[in-house]
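[1] let's see this in three dimensions:
(chains A, B, C and D)
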Number of protein chains: 2
Amino acid sequence: MLTERQLFLLQLLVNDYIVSAEPVGSRSIAKRDDVHFSPATIRNELADLEEMGFLEKTHLSSGRVPSEKGYRFYVDHLLSPVRLSESEMGNIRQTYRKQFSEKEDLIRITAKLLSEFTSYTSIMLGPELLEMKLKHIQLVKLTENQGVLIFVTDTGHVENRVVAFPDEFAAEDIEKIVNILNDKLINVPLYDLQNRLQDEVKAALRENVRNYKQVMTLLTSGFKKNESDRVFYSGKSNMLTQPEFQDVNKIISFFNVLEGKDLVRELLNIPPSGVHIRIGKEIKLSGFEDCSIITTNYSLGEGHVGTVAVIGPKRMAYPRVVTLIDVLSRSLSQSLTDKEHDPH
Amino acid sequence: MLTERQLFLLQLLVNDYIVSAEPVGSRSIAKRDDVHFSPATIRNELADLEEMGFLEKTHLSSGRVPSEKGYRFYVDHLLSPVRLSESEMGNIRQTYRKQFSEKEDLIRITAKLLSEFTSYTSIMLGPELLEMKLKHIQLVKLTENQGVLIFVTDTGHVENRVVAFPDEFAAEDIEKIVNILNDKLINVPLYDLQNRLQDEVKAALRENVRNYKQVMTLLTSGFKKNESDRVFYSGKSNMLTQPEFQDVNKIISFFNVLEGKDLVRELLNIPPSGVHIRIGKEIKLSGFEDCSIITTNYSLGEGHVGTVAVIGPKRMAYPRVVTLIDVLSRSLSQSLTDKEHDPH
DNA sequence: TGTTAGCACTCTCTTAACCCGAGTGCTAAT
DNA sequence: ATTAGCACTCGGGTTAAGAGAGTGCTAACA
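    This next block holds a predicted model:
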């Protein structure tokens, strides 16, 4: 068990290292005026903390650095909440006051706020498309033989595809098709879409539309799901200014992970509520050993959830980021769902 | 005027430097078996080329490096066209065969091909939205007091906005509004949209819809143009592997320019046809002194054009990039416009 | 018994000195 | 006109020395 003084010193040391990025020595701790014991005493305590695995040295005679176990203890037991400044809160409120944008834009804006306020990298995952229900379908003719297939989901998500019309395609056909689609597919969740197409829609088309086979291929491929494009990054290059990323090879491997699919998969594995922190090797991605990820969820109403994440160095400003990610994910959720209640 | 041999040596040297990234000495040139004169002769010639400003030395006794004037001469007079391999051509053809995607996706895919085949960074600018004409407008109700406003342009571009409905808003109103909009706004170019809204639409709404004032604010802000989101990047981090970008500060300033607005503005300044090359300081962006940009245009039919660009080090594989950007911009144009002619 | 001063020791980082190799310009011979 | 030879220059890598920061340990102290 840790003594009161050890807790105090551990917290001090981690806080110090988070801002300085350099091994912390006993002398520099002793110099603070809220510390009333000598460097020698501190050295003894730090040696104990090291023995217990909370601290490490970079070499035999260097100052101390938090170990992964140290960070873990810090975020679990020593995290003191932090207040955002008035101007920051005002800035956030103002941003979400802006109305009439695509829902995607709100997500993008949140990513941007998060990366700018933290100086780290932020990632937003959109909600699972397959869970959404169709709300409206439209087929718009562009030229003689191509058009746009548009569908809107219950969350206000709009997808569109350019499709090629079959030959001898009449304008009345479009209307018929749209009617059939809206009749048969409204409120159908996207994961059930292909089934419904093959059953009910196919039958209805056969009776009402010429070329129904070509129309079917048009629809089946037009409605094909599009798994990507649900990921928004911001502040990718913020990591460049972190002292632990002065090595170009580290930068390269960081970007490789960032642009790969593994990270997204990893992010989806988080528990569905609260703010979660993963530190260093707890993240199972090679190249992210020196990083930490803080995640939480946001909601789009009706049980649709998305994921918010901030990626920074292991030496991350945990208190501030935890507060920010919490505030911003709430603001986003509210903007996305409760818009109607506060349409100011 | 340059002698035949000087031209030959200049070309050789630039080609060599492009792959090696290291100052080229007389000995290494003399070693090639298509060169039949001694290092000393070459030294004399190189000294002359340097005197004329085509070459530089990094220090007094180093090998030669092309100067900006040297690169300029090289791309203007010594650029030998390059053939893409069969597998590359096949790869490209196959990619564009895939159908039924959003037009944006085609642009994105082109960016990706370009950055992967060149190992540099590619940027695509979408066509000028304001030039497009409205083809179809839809207003879809999501909940009691919010909906999605969707509009489709003649190029197949689809925009959507989540909007808040006024209180006491009836379902019939929606239909009326959509009819009015489609009646008054079809084929109106976007730059003229706000005018038309204030004139004809306003008048029609006043006569047919309750709360017409609130509906007007809904529409005016809903149709507000959205200038961003027309830019697609790919291979941003490719530059990291270039030897001239081993310095973290260079990387930072490169990313800053890449993410800033100035670059896009600069890209819009290119002449409207053909492949253009800008080298080093010819680009008026601080931080891009060691880069070159190759640009061209693509077309979406009806006079709508977008811009394709590849950014690489000044020491860029010009012949290959010129060929690639040409082939890919053509393929993209064709996929975007002539789709109907080859609906295979 | 807990705390502290003192001291020898360790390790990194910076600086300076040095050498090696690659390349040049110039001169003189071919 | 071309080339061999040679003295010279400069960057990069290696080594050595010294400064600085920090530690662990021992012994003195309250």
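
[2] please make it C-alpha for all contacts and neighbour counts, starting now.
    Noted.

[3] so what's the closest residue to residue A:38 other than its chain neighbours up against?
    Residue nearest to residue A:38 in three dimensions, not counting chain neighbours: residue A:30, with 6.0 Å by Cα to Cα, 6 or more residues apart in numbering or on different chains. Residues in contact with residue A:30 (Cα atoms under 8 Å, 6 or more residues apart in numbering or on different chains) are A:36-39, A:42.

[4] mark which of these are part of helices, please.
    A:39, A:42 (DSSP state H).

[5] report the entries of the contacts of residue A:30 that also contact DNA strand C.
    Subset of the contacts of residue A:30 in contact with DNA strand C: A:36-39, counting by Cα under 7 Å from any atom of the strand.

[6] please pick the buried ones from the residues you listed.
    Taking 16 or more other Cα atoms under 10 Å in any protein chain shown as the criterion, what is buried in those is residue A:39.

[7] could the ones next to DNA strand C among the contacts of residue A:30 go into CSV alongside pLDDT?
    CSV is the format used below for those (pLDDT from 0 to 100):
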residue, pLDDT
A:36, 92
A:37, 92
A:38, 94
A:39, 95
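
[8] okay if I get the contacts of residue A:30 as a markdown table plus distance to residue B:285?
    What follows is the contacts of residue A:30, written out as a markdown table (distance: Cα to Cα, whole Å):
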| residue | distance to residue B:285 |
| --- | --- |
| A:36 | 54 |
| A:37 | 55 |
| A:38 | 54 |
| A:39 | 52 |
| A:42 | 52 |
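
[9] do you know how far the residue nearest to residue A:38 is from residue A:16?
    Shown here: residue A:30 relative to residue A:16, a distance of 12 Å by Cα to Cα, to the nearest Å.

[10] same question, residue A:186
    57 Å.

[11] following the helix or strand hosting residue A:87, which helix or strand comes up?
    Residue A:87 is part of helix A:86-97 when elements are defined by DSSP states H and E. Following helix A:86-97 in sequence order, the next helix or strand is helix A:103-118 (DSSP H and E).

[12] dump that next one to PDB, restricted to CA.
    Below are the C-alpha coordinates for helix A:103-118, written out as PDB (Å, rounded to 0.1, in the frame of the first residue of the first chain):
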ATOM      1  CA  LYS A 103     -25.000  15.800 -39.500                       C
ATOM      2  CA  GLU A 104     -21.600  14.800 -40.800                       C
ATOM      3  CA  ASP A 105     -20.500  18.300 -40.400                       C
ATOM      4  CA  LEU A 106     -21.300  18.300 -36.700                       C
ATOM      5  CA  ILE A 107     -19.200  15.200 -36.300                       C
ATOM      6  CA  ARG A 108     -16.400  16.800 -38.200                       C
ATOM      7  CA  ILE A 109     -16.600  20.000 -36.200                       C
ATOM      8  CA  THR A 110     -16.400  18.000 -32.900                       C
ATOM      9  CA  ALA A 111     -13.300  16.200 -34.200                       C
ATOM     10  CA  LYS A 112     -11.800  19.600 -35.000                       C
ATOM     11  CA  LEU A 113     -12.600  21.100 -31.600                       C
ATOM     12  CA  LEU A 114     -11.200  18.100 -29.900                       C
ATOM     13  CA  SER A 115      -7.900  18.100 -31.700                       C
ATOM     14  CA  GLU A 116      -7.500  21.800 -31.400                       C
ATOM     15  CA  PHE A 117      -8.300  22.000 -27.700                       C
ATOM     16  CA  THR A 118      -6.100  19.000 -26.900                       C
END
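
[13] what packs against it?
    strand A:121-125, strand A:231-234, helix A:318-337 (3 or more Cα pairs under 8 Å, 6 or more residues apart in numbering or on different chains; DSSP states H and E).

[14] and residue A:312, what does it touch?
    Applying Cα under 8 Å, 6+ apart, we find residue A:312 in contact with A:120-121, A:239, A:291-293.

[15] picking that back up, so which of the helices and strands packed on helix A:103-118 is the most surrounded?
    Comparing those by mean neighbour count (mean count of other Cα atoms under 10 Å in any protein chain shown), strand A:121-125 comes out on top with a mean of 26.

[16] touching chain B at all, that one?
    No. Using Cα under 8 Å from any Cα of the partner chain, strand A:121-125 stays clear of chain B, coming no nearer than 13.9 Å.

[17] now do that strand against helix A:318-337, angle only.
    Angle of strand A:121-125 versus helix A:318-337, following axes from the mean of the first three to the mean of the last three Cα atoms, to 10 degrees, is 30 degrees.

[18] show me what the helix holding residue A:87 is in contact with.
    Contacting residues not belonging to helix A:86-97 are listed as A:106, A:113, A:328, A:331-332, A:335, A:344 [Cα under 8 Å, 6+ apart].

[19] chain center to stretch A:158-174, what's the gap?
    From the chain centre to the centre of stretch A:158-174 is a distance of 36 Å (Cα atoms, centre = their mean, to the nearest Å).

[20] got it, and stretch A:272-282?
    On Cα atoms, centre = their mean, the centre of stretch A:272-282 falls 12 Å from that of its chain.

[21] hmm, who's touching that stretch?
    Under Cα under 8 Å, 6+ apart, the answer for stretch A:272-282 is A:68, A:71-72, A:270, A:288-297, A:314, A:322, A:326.

[22] swap the cut-off to 6 Å and go again
    A:289-296 (Cα atoms under 6 Å, 6 or more residues apart in numbering or on different chains).

[23] which residues in the stretch 51-200 of chain A form helices?
    Applying DSSP state H, counting those that start in this stretch to the stretch 51-200 of chain A gives helices spanning A:68-77, A:86-97, A:103-118, A:171-185, A:193-196.

[24] can you say which of those helices is packed in most?
    helix A:103-118 (a mean of 20).
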